[in-house]
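Participant: pasting the structure only:
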């Protein structure tokens, strides 16, 4: 098994564990699990930076993009105007 395939399998295992544990955003569990799993692939001197980058890409990027897309959808559909029922452009 190649190193990249093994790293991918470790990522999948960690994602499954994060779904099972009932913590908000799998906080703490994700970082500890990633540190323990990825320590087999990454030098110990850069494991902290790697975990921050990994968490930023897998969790916080989803939050950021989801928030931007939600705001765009709200702006495009203008749900407040639909609730009020008015055709005014002042809202």
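Facilitator: Done, it's in. Because the structure is a prediction, the values reported are computed rather than measured. Numbering: from 1, shown residues only.

Participant: contacts, neighbours, all on C-alpha from now
Facilitator: OK.

Participant: the residue positioned nearest the centre of the chain: what secondary structure?
Facilitator: To find the centre residue of the chain, average its C-alpha atoms and take the closest one (C-alpha atoms, centre = their mean): that gives residue 59, at 1.4 Å. Recorded secondary structure, residue 59: helix (DSSP: H, G, I helix; E, B strand; the rest coil).

Participant: gap between it and residue 85?
Facilitator: Distance of residue 59 to residue 85, given as C-alpha to C-alpha, to the nearest Å: 37 Å.

Participant: could you do residue 49 as well?
Facilitator: 51 Å.

Participant: what do you get for residue 28?
Facilitator: The gap separating residue 28 from residue 85 is 46 Å, by C-alpha to C-alpha.

Participant: who's more crowded, those two?
Facilitator: Legend: neighbour count by other C-alpha atoms under 10 Å for residue 28 and residue 85, higher for residue 28 (12 against 9).

Participant: what sits against residue 32?
Facilitator: With contact taken as C-alpha atoms under 8 Å, 6 or more residues apart in numbering, residue 32 is in contact with no other residue.

Participant: just the element for it, please.
Facilitator: Using DSSP states H and E, residue 32 sits in helix 29-38.

Participant: got the phi and psi for residue 8?
Facilitator: When quoted as degrees, to the nearest 10, the phi and psi of residue 8 stand at phi -60, psi -40.

Participant: all helices of this protein, in order?
Facilitator: 3-20, 29-38, 47-55, 61-77, 79-84 (DSSP state H).

Participant: which one of the ones you listed is the most hemmed in?
Facilitator: The highest average neighbour count among the helices of the chain, using mean count of other C-alpha atoms under 10 Å, belongs to helix 29-38 at a mean of 17.

Participant: what angle sits between that helix and helix 3-20?
Facilitator: Per axes from the mean of the first three to the mean of the last three C-alpha atoms, to 10 degrees, the angle that helix 29-38 makes with helix 3-20 is 150 degrees.

Participant: before we move on, the earlier item: relative to the whole chain's centre, how far out is the helix holding residue 32?
Facilitator: Centroid separation between helix 29-38 and its chain, computed with C-alpha atoms, centre = their mean, to the nearest Å, is 15 Å.

Participant: same check on stretch 37-53?
Facilitator: Taking mean C-alpha positions (C-alpha atoms, centre = their mean), stretch 37-53 and its chain are 18 Å apart.
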